[in-house]
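1. okay, predicted coordinates and the sequence, questions at the end:
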Amino acid sequence: MAPSITTGLLLPLLAATSSLAFDTTARCTTSTFSSLSGVEISAVESLKGSSILRLPDLVPSCGGPDKNVTVSADICRLVANVGTSNSSSIRIEAWLPDNWNNRFLATGTGGTGGCVDYARLQSGAQLGFAAFGTNAGHDGSSGHDFFLNQPEVINDFGHRAIHVEAEVGKQITALFYGRDASKSYYDGCSTGGRQALQEAAMYEDDFDGILAGAPGVDWLKIVASKAILARRIGWPDLNSSAYVRPEQWQAIVAKQIELFDGLDGEKDGIIDAPQNIRFDPALLACGTGALGQDLCLHPDQVQSVEKAYQPLTNGAGEIIYPLLLSKDGKPILNYSLVRDFWRGAVYNNSDWTENNFTLSDLDYALSINPGGVNSNSRDLSRFHQRGGKVLAYHGLVDTTVTPLLSMEFYKGVQAAVGLSLEEMQSFYRLFLVPGMDHCSTGPGAWNIGQVYPLDDKRLNAANHALLALVDWVEEGKAPGFLNGAKYQNDSVGEPILAERRHCPYPSQSRWGGRENRSDVRGWATAETVDLGPPHPPKEDSIVAFTHTLPEIKHELIRLRREYTKHEPEYFAAVEHLEDEDLRKFDVSNLTVVRVATSAYGIHLFGKIRIPALPDSGPAYISTSASSSARSLPSCTASIQRRKRRLTGTKYRAIFTENDELEWFDT
């Protein structure tokens with residue numbers, strides 16, 4: 001466990017109003033840090049904001065010797081090597097700003113580590129944090145030589161580097177500023193997201209707040225999925241009848257957007273909830289006319305695409321990793337990552353080849369779990385008990401780490417810690433961002449402040465994830481939403497093309513279609529819409545639910561069949577009922593309704609009793625009927641799918657009469 005930190009007075013959010021004015025030149029010398037034990041300092045220098053920092057020692061995969069970065073504030077820069085064992089060390093780099101906001105910030109790495117995340121150092125220092133980065137124990141984000149015969153280097157990458165960065169970084173901060181930081185934070189994405197949640201599970205005292213983007217938990221399974229996916233779609237034989245060419249994948253993605261984009265009420269090239277859609281690639285088979293002869297799918301290719309969207313299972317048929325969502329875009333077949341890690345850290349064999357990768361290679365890697373890299377503990381109870389906060393985000397078109405993994409991890413933490421949804425939201429919030437790819441970019445309003453340069457006009461808790469986390473930790477203001485922005489050419493400084501309000505999972509915003517798309521007030525969420533009190537159904541509600549009843553019944557049976565395969569507890573209360581008995585209800589069984597209005601239109605939520613079930617237990621479904629008009633019945637309908645923690649059962653989709661009817665993702 002990391003040592004506890006001294007907490008000072010809470011300071012206002014922004015560095016501009018909370019800073020400690022400090023002349024770095026006077027203390028930016030090696031002697032300031034001479035009391036550090038086991039730390040070898042290689043550079044200490046004062047740098048002015050807007051100056052150019054040249055990095056001639058970087059290896060090619062980290063940018064190479066020609067890489068340079070703009071210094072984002074007046075800082076003292078320190079570079080040091082910290083011993084982690086007799087045969088390993090990590091490099092850390094500190095940017096210590098004159099305009100210190102009394103907070104400590106550690107950052108992580110990506111991929112197989114090896115590179116300091118300079119963009120996060122720039123952002124952190126600009127915001128006033130004492131900002132730290134690390135190479136996680138080796139230099140370079142590609143290759144395998146640094147892992148060969150180096151178990152301690154693997155341990156650094158697997159679990160130890162961020163903890164050491166936090167411990168030593170806090171000491172450096174205290175020595176430089178003459179006092180401990182008031183609060184400590186972490187910011188990382190991808191592998192950095194894995195490191196974030198690993199810290200919460202293993203070293204609960206290191207940080208007060210953790211920002212985890214696209215967290216690569218179950219890391220070995222993520223990496224292995226790339227090789228298995230490649231095999232599924234025809235690799236390495238590019239001439240096989242099963243191989244799906246890149247241009248065909250582009251056509252597949254475009255067709256899916258054409259089919260499903262409008263389901264959220266807005267034609268914007270973005271499918272809001274791809275996890276709720278099932279795509280049949282046979283629709284694009286040759287002979288259907290959906291695609292031209294040069295792009296249509298032949299029978300073996302149809303099977304390849306079907307396999308690409310299927311989860312990864314073991315020999316017993318148990319899901320061990322959810323693969324692509326249907327709308328993720330073309331798959332990324334990152335063989336190099338598989339090759340590097342299995343050669344260097346798993347088999348310790350430079351001659352191993354990934355071309356015949358199978359589940360047995362994954363099974364072996366999981367059995368030895370090099371360096372503890374496959375962090376998958378959902379037990380964050382100690383972090384929760386000490387008041388820590390996790391703010392996670394994940395793009396819904398992430399082609400590198402499926403967002404389904406973040407959803408499943410969130411549910412797993414809830415179960416492991418034993419919390420209701422309300423209790424879970426008090427310490428862990430997950431934001432799923434439609435149209436965001438891996439960590440950033442994509443067609444959606446993905447910029448929530450996680451990239452550099454920063455937009456000075458959006459440096460507040462509503463628009464910047466890290467500042468929202470600070471507000472949550474220090475002021476107790478849990479983020480009810482994050483406003484995302486889409487910039488022209490994805491470049492801060494260019495015009496904002498669209499903004500969108502993103503909600504904490506399992507909620508989801510809806511677009512109203514009436515207001516300026518750059519206005520976040522056009523999005524309806526549980527936090528921005530007043531849901532009226534429960535009342536008996538009235539004429540308009542009865543008409544609306546009568547209109548959507550066939551869709552509700554169809555969706556109920558579809559969901560029951562889907563969840564019975566993998567999560568039978570959802571529908572355990574009706575496992576003895578045949579489909580016909582389950583859907584034997586009509587509008588007379590609608591018992592209670594709640595109504596809300598937004599820019600989108602009308603949102604109706606209702607409870608329907610299933611007559612075949614006794615009143616003494618779960619016997620109700622929660623449904624919705626929504627209309628983009630101000631009058632019904634031009635509606636869409638859905639059934640509550642999020643998990644509800646109930647006494648005696650982990651999760652259910654069948655509720656009791658006393659369960660509250662509330663807003664849910666429609």
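-> On my side now, so go ahead.
2. can you confirm Ala106 is in a helix?
-> No - counting by DSSP: H, G, I helix; E, B strand; the rest coil, Ala106 is not found in a helix; it is strand.
3. ok, it - contacts?
-> Applying CB atoms under 8 Å, 6 or more residues apart in numbering, we find Ala106 in contact with 132-134, 162, 165-166, 169, 184-187, 206-207. C-betas here are computed from N, CA, C, even on glycine.
4. mind checking the pLDDT average for stretch 304-313?
-> For stretch 304-313, mean pLDDT is 89.
5. got it, and stretch 80-94?
-> 98.
6. quick one: buried residues of stretch 458-475?
-> The neighbour-count check on stretch 458-475 (16 or more other CB atoms under 10 Å) flags 458-459, 461-474 as buried.
7. got it, and stretch 536-554?
-> Result for stretch 536-554 [16+ other CB under 10 Å]: buried residues 537, 541, 543-545, 547-549, 551-553.
8. CA atoms only for that stretch, dumped as CSV, please.
-> Presented in CSV, the C-alpha positions along stretch 536-554 are these (Å, rounded to 0.1, in the frame of the first residue of the first chain):
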residue,chain,number,x,y,z
PRO,A,536,-52.4,5.7,-13.2
PRO,A,537,-52.4,5.6,-17.0
LYS,A,538,-54.5,8.2,-18.8
GLU,A,539,-56.0,8.2,-22.3
ASP,A,540,-52.9,9.5,-24.1
SER,A,541,-50.6,7.0,-22.3
ILE,A,542,-53.0,4.2,-23.1
VAL,A,543,-53.0,5.1,-26.8
ALA,A,544,-49.2,5.3,-26.9
PHE,A,545,-48.6,2.0,-25.2
THR,A,546,-51.4,0.3,-27.3
HIS,A,547,-49.6,1.6,-30.4
THR,A,548,-46.2,0.2,-29.2
LEU,A,549,-47.4,-3.0,-27.6
PRO,A,550,-46.4,-5.4,-30.4
GLU,A,551,-42.9,-3.9,-30.4
ILE,A,552,-42.7,-4.2,-26.6
LYS,A,553,-43.7,-7.9,-26.7
HIS,A,554,-41.2,-8.6,-29.5
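9. how much space between Phe605 and Ser51?
-> To Ser51, Phe605 is 56 Å away according to CB to CB, to the nearest Å.
10. and the two? Which one has more around it.
-> Phe605 (24 against 11; other CB atoms under 10 Å).
11. contacts for the helix or strand where Asp363 lies, please.
-> Using DSSP states H and E, Asp363 maps to helix 359-368. By CB under 8 Å, 6+ apart, the surrounding residues in contact with helix 359-368 are 220-221, 224, 227-228, 312, 314-315, 342, 346, 374.
12. in helices, which of those fall?
-> 220-221, 224, 227-228 (DSSP state H).
13. where do the helices of the stretch 151-300 of the chain begin and end?
-> 151-155, 161-177, 191-202, 219-232, 246-260, 299-308 (DSSP state H, counting those that start in this stretch).
14. my guess is Tyr321 contacts Lys221, does it?
-> Yes - contact criterion CB atoms under 8 Å: Tyr321 and Lys221 qualify, at 4.1 Å.
15. what do these two both touch?
-> Taking CB under 8 Å, 6+ apart as the contact rule, Tyr321 and Lys221 both touch Leu312.
16. part of a helix, is Gly128?
-> No - assessed by three-state DSSP, Gly128 does not belong to a helix; its assignment is coil.
17. what residue ranges in the stretch 101-250 of the chain score low on pLDDT?
-> By pLDDT under 70, the stretch 101-250 of the chain contains no weakly predicted segment.
18. distance between the helix or strand containing Arg561 and the chain's centre?
-> Using DSSP H and E, Arg561 sits in helix 539-566. Relative to the chain's own centre, helix 539-566 is displaced by 29 Å; criterion: CA atoms, centre = their mean, to the nearest Å.
19. can you show me the CA trace of the host helix or strand of Leu337 as CSV?
-> Assigned by DSSP H and E, Leu337 belongs to helix 335-341. Taking C-alpha atoms only, helix 335-341 is exported to CSV below (Å, rounded to 0.1, in the frame of the first residue of the first chain):
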residue,chain,number,x,y,z
TYR,A,335,-0.4,-8.5,-34.9
SER,A,336,2.7,-6.5,-33.8
LEU,A,337,1.4,-6.2,-30.2
VAL,A,338,0.7,-9.9,-30.0
ARG,A,339,4.0,-10.8,-31.5
ASP,A,340,6.0,-8.4,-29.1
PHE,A,341,4.4,-9.4,-25.9
